[in-house]
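> The following comprises the amino acid sequence and a computationally predicted model.
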Amino acid sequence: MEILVAIKQVPDTDKVRMDPVTGTMVREGVDTIVNPLDLYAIELAIRLKEQHGGKVTAFTMGPPAADKALKEAIAMGCDAGVLVTDRAFSGSDTWATSYALSRAVAKMGRYDLILAGERATDGDTGQVGPCLAAWLDIPVLTYVGSLESADGGSIVARRLVEEGYQRVRAKMPCLLTVVKEVANPRLPTLRGKKFARQTALAVYGAGDLDADPACLGLKGSPTKVSKIFYPKVTRGGAMVKALDEAGTENAVDELVAFLEARDLIARDVIAREEIAGEGAQR
């Protein structure tokens, strides 16, 4: 079974920065990791290879430093890696990204299955996987939580949906985006790390993909970020300390006045409840 795994190198969650001029994410000089949700796709691919034989190839689009993500995937158990990198891809939205990746897949040749994480933690759109399947004109199953079978030219998967699970069969080749329930990612082994260091990655530039230049990068992206701003959270209020009985009564009065000012309660309702409480005590 020939399996491709689409992965992405993303900034650590607390280090995401945006360029206010171009509206694109700043990736230079930022600590990066393999998109955590892609690790589950890698693990599923390796397990399928162990069960059915074949080859697993991880591929990604990004700057030259994204080879680090591919090396980690190989250290986990993938057999090869393909890096799609070129300045022409800079500023790509999900549509342009999936187009470039689809051309890379076409160049790689035959495949039975493409796996990807449900979404990336930086953009959080969940669009690249389904868009890639659309460009390749193959079936796509999203939110896959488990596989029941993957042989005979088709797969049977269980999709995570709001009501529970949906059991679906699809013909291969097809693309799956997976959720965390699908597998527990393994850690890279020392042997895997040595193999990763020795493995040469295939590198595709824009000129290698037989792609339409008008569909690449910022120019080929139909969506644009028109404005970036950081919301400011301000909370005006007063703190009332209830350290003794008098303070407690004052705090209650302050709270009641606050609610009354916003028409959330009515004073006569409180009075009736207090009278009813006194009657119950008698």
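Nice, thanks for sending it over.
> quick one: the helices in the stretch 1-150 of the chain?
38-52, 67-76, 94-108, 128-136 (DSSP state H, counting those that start in this stretch).
> Dump those to JSON lines, plus mean pLDDT.
As requested, these are exported to JSON lines (pLDDT from 0 to 100):
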{"stretch": "helix 38-52", "mean pLDDT": "95"}
{"stretch": "helix 67-76", "mean pLDDT": "96"}
{"stretch": "helix 94-108", "mean pLDDT": "96"}
{"stretch": "helix 128-136", "mean pLDDT": "96"}
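> Out of those helices, the one nearest residue 59 is which?
helix 94-108 (6.1 Å; Cβ to Cβ). C-betas here are computed from N, CA, C, even on glycine.
> Wait, residue 211 touches residue 103, no?
Yes. Using Cβ atoms under 8 Å, residue 211 is in contact with residue 103, at 4.5 Å.
> pLDDT below threshold where in this protein?
13-30, 229, 233-236, 266-282 (pLDDT under 70).
> domain assignment for it?
Taking automatic domain parsing as the criterion, the chain consists of the domains 2-215, 245-281.
> Just name the most buried of the ones you listed.
Highest mean neighbour count among the domains of the chain (mean count of other Cβ atoms under 10 Å): domain 2-215, with a mean of 18.
> Report how far apart the opening and closing residues of it are.
One end of domain 2-215 to the other measures 28 Å (Cα to Cα, to the nearest Å).
> Counting residues, name the longest helix you see in this protein.
For the chain, the helix with the greatest residue count under DSSP state H is helix 245-261.
> Which elements pack onto that helix?
Packing partners of helix 245-261 (3 or more Cβ pairs under 8 Å, 6 or more residues apart in numbering; DSSP states H and E): helix 267-281.
> partners of the longest strand along the chain in the sheet?
Across the chain, the strand with the greatest residue count (assigned by DSSP state E) is strand 140-151. The pairing partners recorded for strand 140-151 under DSSP bridges are strand 154-161 (antiparallel), strand 174-178 (parallel).
> List the neighbours of the longest one that are in contact with it.
So the one you mean is strand 154-161. 113, 141-150, 165-172, 174, 176, 179, 181 (Cβ atoms under 8 Å, 6 or more residues apart in numbering).
> Lovely, talk soon.
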